[in-house]
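> Any chance you could fold what I've pasted below:
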Amino acid sequence: MNDQDVMEDPTNRIVAVFANKDFADAARNDLSDYGIEERQIRILEGKSEADEVDTSAKWFADTDEEMEQFQQQLLAGNTVISVPAKDKASREEIHEILKRHQAYRVTHFGRWVTELMR
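The predicted model follows:
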């Protein structure tokens, strides 16, 4: 998957919302320190990038509804981050990093299951 397809297919990624881009940038720095390549981390900001989110009903379960929620967050002026998560250990560490930077609506999109992380 190339970086442009991230919000078209969130499979095996964690997507989260931040109230502002500064928090998202700080999270990206920590995620990079953790070992995730910066080119794999996608940050979308505000209304201008809301159209990049694919909300069509083409996935398993309620993925389209979840993606619509992220689109609404962007339309409201918030920032969304998308990060690859290859296994359970990385999912947990990524979740901790995102929460440390005040992320909310942290969601893991697995191959068959979508999970709102708490």
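> contacts, neighbours, all on C-alpha from now
OK.
> Quick check: closest non-adjacent residue to the residue positioned nearest the centre of the chain.
The residue lying closest to the centre of the chain (CA atoms, centre = their mean) is Val15, at 1.7 Å. With CA to CA, 6 or more residues apart in numbering as the criterion, Val15 has its nearest non-adjacent residue at 4.4 Å, and that residue is Ser82.
> ok, that neighbour - how many residues close by?
Neighbourhood size, Ser82 [other CA atoms under 10 Å]: 23.
> ditto for Ser90
Residues near Ser90, counting by other CA under 10 Å: 14.
> quick check, it in a helix?
Yes. Remark: Ser90 belongs to a helix, assigned using DSSP: H, G, I helix; E, B strand; the rest coil.
> pLDDT at it, what is it?
pLDDT, Ser90: 95.
> hang on, the earlier thing: please state the offset of the helix or strand harbouring the residue nearest to Val15 from the chain centre?
Here Ser82, judged by DSSP states H and E, is contained in strand 79-84. Put simply, strand 79-84 sits 3 Å off its chain's centre (CA atoms, centre = their mean, to the nearest Å).
> Then stretch 83-102?
Averaged C-alpha coordinates place stretch 83-102 at 10 Å from its chain's average position (CA atoms, centre = their mean).
> Am I right that Arg105 sits in a helix?
No. With three-state DSSP as the criterion, Arg105 is located in strand rather than a helix.
> Identify the residues contacting it.
The contact partners of Arg105, by CA atoms under 8 Å, 6 or more residues apart in numbering, come to 15-17, 116-117.
> filter those residues to the buried ones?
Among the contacts of Arg105, those buried by neighbour count (16 or more other CA atoms under 10 Å) are 15-17.
> ok so, going back, pretty sure the residue nearest to the centre of the chain sits against Tyr104.
No. Under the criterion of CA atoms under 8 Å, Val15 makes no contact with Tyr104, lying 9.5 Å away.
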